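Undergrad: okay, here's the prediction I keep looking at, along with the sequence it came from:
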Amino acid sequence: MLNLLKCEFKKFKGTYINSLSFLGMLFPIILIALMFLVKRTDFIKHGSYNWDYFNSQLTIMFVFLIGPIITSFIAVFSVFYEYQEKTMKNILSSPNSRTMIILTKIIYVSFYVLLQYAAIAVINVLCALLFGFDITIASALDKSIHLIVAGLTTIILVPLMMFLTLFAKNFIPPLVITVAGTVSNAILLNWEKSFVSPWANPSNFVFIMEKTSKMDIIYPIACTCVYFVLFMIFSILYFNKADQA
Amino acid sequence: MKYALEIKNLTKSYKNFKAVDNLSLNVPEGKIYGFLGRNGAGKTTTIRMIMELIKPDSGEIKVLGQAIQQNHLWGAKNIGSIVETPGFYENLTASENLDITATMFKTNRNRISEVLEIVNLSGCETKKARDFSLGMKQRLGIANSLIHSPRILILDEPTNGLDPEGIRDMRDFLRTLSKKHGITIMISSHILNEVEQIADYVGIIDQGRLIEEMDIQSIIEGNQSYLILKVDDCQKAITILKGFGYKYLAEQDCIKVHCPKNCNSILNKKLVESNICVNSLSSVSQSLEERFLSVVSENNADRKEAYNA
C-alpha cells in the first residue's frame, strides 16, 4: 500500500485538483477577511470586530458549503482524473489488487482533505493575529479543533463520491448530488434528525461542540461511522466486480 | 511448441451481444503474433480480458503456463500492454510518469533510463507528456509497459494515428524488441500489410470467434492468389480454361488464372496435351489481406447458411 500511496502523492503534485481545491478552501477565508477589512468600522460599532465572530462566519461557510463541496471535488476528480488521462488501465494492470487500489485512494484523499482543513485552521489563527483580535492559545486550539473535526466528519463523503464516480465514470452525477446534498444542509439546519444526511454531520458536530445544538453526539458519531464503512464497502465491491475498460 | 499465452473458450457477452464467442488461441513464446480482425470483431475486448480490465463470462487465460484468473499478480508481472491509446499524466514529465509506473511495479528507478533508451527517447526525460507527439507518446507508452521487464507485450493498434515514417519506425522497433530482447509480442490490428511485414503468426478473429490461426510463412507458401500463364496460343488456352470453369483475365502477353495451387500441374498437362506451348507458369501467393478477406467471407457465408438452416 505504501507504494500506491507514494504514487498518489506523485500524481497529485502539480495537478489542477491540488491547486483548485486549495484555492476553493482559501476562498471563504479570503472573503471573510475582505469583509472584515471593508466593513471594519461597522463591525467595531456593533461590537462584532472579534475573533469569535470572524471564526463563526468561517466555520458556517466551511461546514455548510465549502467543506463538503471541496471534499467531494477532490474525491471525484482523484478517480475521474484516471479515466480522463486513460491511466486507470495502467493502474489496473499493475500487480496490486483492486481493493488495495481503491482503499489507497480513499486513504490518500482523506488525509489530503484533513491536511487542507489543518492548513485553513492555521491560516485562521494567522488572520486573527493579523487583524489584531484577542486570542489565547486555548481559544486558538479550541477553534482549530472545531475545524479539524469538521474536516474529519466531511471525510465520509470521500468513499461515497468515489463510488458514484466509479459507477457513472463521469464527474457530473456525483457533483450534482454534492450540490443537492449541500443545498439540503440549509433545509435540514433545525431538523433534530439531520444526522441522517452525510452532508449535515460536519455542522452537527461543530454545533454540538460549540453547545449551540442539543443533539446527542452519539447519533452523528454512529451515522458517520456507519456511512463511512458502508460507502467504503460499496466502493470496494463495485470496483472489484465491475468492468473497468 | 511453448506458448506464452494460451486462451481457451473465452466468452464475453454484453446483454444479448456476444463480443467474444468461445475464443481459443495460442501465442508462441518469443514470436510476434498478429491478432487480426475488422473493427468490432472483438480484438480489444479479448485484450481487455487478458489484461483483466474486464471479466470474462467463461473461459481460461494462461500466461506462461499459469491461469491468471487465479493469480492476478502473475499476469500483471509478466505482461506489459497498451490498450487502445497509452495513458499518461499529461502534466508530468516522461520520467515522472515512468517513475509512477516503476513505483507501482516496485521496480528499480534505474530501469527508467534503460527503457527510455530502448524506445529511443533518451534525452526526453524532462519533457512533459502533453508536449509529446503521437509517435513519441506511443513509444513512451511502450517504455511504460516495459518498465517491469515483462516477457509478453500486448499492443492494441500500435500504429493508429502514426504517419508512414512513424509506422516504419514502430515496425523496426518491434522487430528489434522481439529479436534482441526475446519478448513475445501480440499486436492487434486491422492494417493487414503492417502485420504481414512483422508477424510470425497470425490469428484472425471475426464476430468474436477465431476463424484462422497459422504462421505467416504457410499463408505465403500455401495459398495461391493466381497463376500467370504464358502460352503461344492464348485463344486456344482460354477455351481450355473455360472448360475447367476457372476465372481468368487475359492480358497482353499472359493470362491470369484464378485456380487452386494443386491444379497448376493438371492445367499444365491439359495445355500440353492440347498442343499448346507453355512458355512459363508462375504462381503468385495470396497476400495476408487476400487471405483475411477470403476467410472472413467464408466465415460469413457459413454463418448465413447455418442461420438459414
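TA: Great, that's in hand.

Undergrad: now the helices for chain A?
TA: Along chain A, counting by DSSP state H, helices occupy A:2-12, A:16-38, A:40-45, A:51-61, A:67-84, A:88-92, A:98-131, A:137-154, A:157-168, A:172-188, A:201-209, A:218-241.

Undergrad: one more: chain B?
TA: Going by DSSP H, chain B shows helices at B:43-50, B:72-78, B:94-104, B:110-118, B:134-146, B:164-181, B:192-198, B:216-222, B:234-244, B:264-273, B:288-308.

Undergrad: got the confidence number for the residue in the stretch 201-309 of chain B positioned nearest to chain A?
TA: Nearest to chain A, among the residues of the stretch 201-309 of chain B, is residue B:208, at 15.9 Å (CB to the nearest CB). Backbone N, C-alpha and C define where each C-beta goes, glycine included. Here the pLDDT value assigned to residue B:208 is 86.

Undergrad: can you get me a residue count around it?
TA: Counted with other CB atoms under 10 Å in any protein chain shown, residues neighbouring residue B:208 total 23.

Undergrad: need the contact list for it.
TA: B:12, B:18, B:19, B:20, B:21, B:23, B:41, B:42, B:45 (CB atoms under 8 Å, 6 or more residues apart in numbering or on different chains).

Undergrad: residue B:60 versus the last one, what's the distance?
TA: Pointing back at residue B:45 there. Relative to residue B:60, residue B:45 is positioned 16 Å away (CB to CB, to the nearest Å).

Undergrad: which of the two has more residues huddled nearby?
TA: residue B:45 (24 against 15).

Undergrad: any stretches of chain A with poor pLDDT?
TA: Scanning chain A for pLDDT under 70 picks out the ranges A:245.

Undergrad: look up the closest residue to the one residue in it that gets nearest to chain B, ignoring the ones flanking it.
TA: Closest contact between chain A and chain B, by CB to the nearest CB, is at residue A:86 (3.2 Å). Leaving aside its chain neighbours, residue A:86 sits nearest to residue B:87 (3.2 Å; criterion: CB to CB, 6 or more residues apart in numbering or on different chains).

Undergrad: equivalent analysis for residue B:175, please.
TA: That would be residue B:198: by CB to CB, 6+ apart, it lies 5.7 Å from residue B:175.

Undergrad: next, find the distance separating the residue of the stretch 201-309 of chain B closest to chain A from residue A:7.
TA: 35 Å.

Undergrad: taking the centroid of the chain, which residue is nearest it?
TA: I went with chain A, as the question did not name one. residue A:71 (3.6 Å; CA atoms, centre = their mean).

Undergrad: switch to chain B, that's the one I care about
TA: In chain B, the residue lying closest to the centroid (CA atoms, centre = their mean) is residue B:34, at 1.7 Å.

Undergrad: got the contact list for it?
TA: Per CB under 8 Å, 6+ apart, neighbours of residue B:34: B:187, B:189, B:195, B:196, B:198, B:199, B:201, B:202, B:203, B:216.

Undergrad: so for it, what's the pLDDT?
TA: 90.

Undergrad: tell me the bridge partners for it.
TA: residue B:187, residue B:202 (DSSP bridges).

Undergrad: tell me how far residue A:224 lies from residue A:191.
TA: From residue A:224 to residue A:191 the distance is 17 Å (CB to CB).

Undergrad: so what pLDDT did the residue of the stretch 51-200 of chain B found nearest chain A get?
TA: Closest residue of the stretch 51-200 of chain B to chain A, CB to the nearest CB: residue B:87 (3.2 Å). Predicted confidence (pLDDT) for residue B:87: 89.

Undergrad: doesn't residue A:84 make contact with it?
TA: No: between residue B:87 and residue A:84 there is no contact under CB atoms under 8 Å: 9.3 Å.

Undergrad: which one of these two has more residues nearby?
TA: Using other CB under 10 Å, the more surrounded residue of residue B:87 and residue A:84 is residue B:87, with 23 against 14.

Undergrad: so what's that one up against?
TA: A:85, A:86, A:87, A:88, A:89, A:90, B:141.

Undergrad: need phi/psi at it.
TA: Torsion angles at residue B:87 (phi, psi; degrees, to the nearest 10) stand at phi -100, psi 130.

Undergrad: now do the residue of chain B positioned farthest from its centre against residue B:236, distance only.
TA: Going by CA atoms, centre = their mean, the residue of chain B most distant from its centre is residue B:275, 46.3 Å out. Plainly put, residue B:275 is 8 Å away from residue B:236 if you go by CB to CB.

Undergrad: near chain A, which residues of the stretch 101-250 of chain B?
TA: B:101, B:103, B:104, B:105, B:106, B:144 (CB under 8 Å from any CB of the partner chain).

Undergrad: surely residue A:10 meets residue B:98?
TA: No: using CB under 8 Å, residue A:10 is not in contact with residue B:98, being 11.0 Å away.

Undergrad: who has more neighbours, those two?
TA: residue B:98 (26 against 16).

Undergrad: and for the more buried one, nearest residue in space, chain neighbours not counted?
TA: Using CB to CB, 6+ apart, the closest residue to residue B:98 is residue B:112 (4.6 Å).

Undergrad: residue A:43 too?
TA: residue A:49 (3.9 Å).

Undergrad: now that neighbour. Its backbone dihedrals?
TA: phi -90, psi 70.

Undergrad: so it touches residue A:37, yeah?
TA: No: taking contacts as CB under 8 Å, residue A:49 lies outside contact range of residue A:37: 10.9 Å.

Undergrad: quick one, which of these two is more surrounded?
TA: residue A:49 (18 against 10).

Undergrad: show me what contacts the more buried one?
TA: A:36, A:40, A:43, A:131, A:133.

Undergrad: still on that earlier bit, quick one: contacts for the residue nearest to the centre of chain A?
TA: A:113, A:154, A:155, A:157, A:158, A:161.

Undergrad: for stretch A:15-27, buried residues please.
TA: Residues of stretch A:15-27 classed as buried: A:15, A:17, A:18, A:21, A:22, A:24, A:25, A:26 (neighbour count, 16 or more other CB atoms under 10 Å in any protein chain shown).

Undergrad: hang on, I meant stretch A:129-149
TA: A:131, A:133, A:135, A:139, A:140, A:143, A:144, A:146, A:147, A:149.

Undergrad: so how far is stretch A:104-111 off the chain centroid?
TA: Remark: stretch A:104-111 is offset 12 Å from the chain centroid, using CA atoms, centre = their mean, to the nearest Å.

Undergrad: quick revisit: from the contacts of residue B:34, which one has the minimum pLDDT?
TA: residue B:216 (77).

Undergrad: doesn't residue B:200 make contact with it?
TA: Yes: between residue B:216 and residue B:200 there is a contact under CB under 8 Å: 6.1 Å.

Undergrad: tell me which of residue A:224 and residue A:191 has more neighbours.
TA: When residue A:224 and residue A:191 are compared for neighbours, residue A:224 comes out ahead with 21 against 13, by other CB under 10 Å.

Undergrad: quick one: contacts for the more buried one?
TA: A:153, A:156, A:198, A:201.

Undergrad: and the two most separated of those?
TA: A:153 and A:198 (9.0 Å; CB to CB).

Undergrad: ok, the two, which is more surrounded?
TA: Set side by side, residue A:153 and residue A:198 show more neighbours around residue A:153, with 26 against 20, by other CB under 10 Å.
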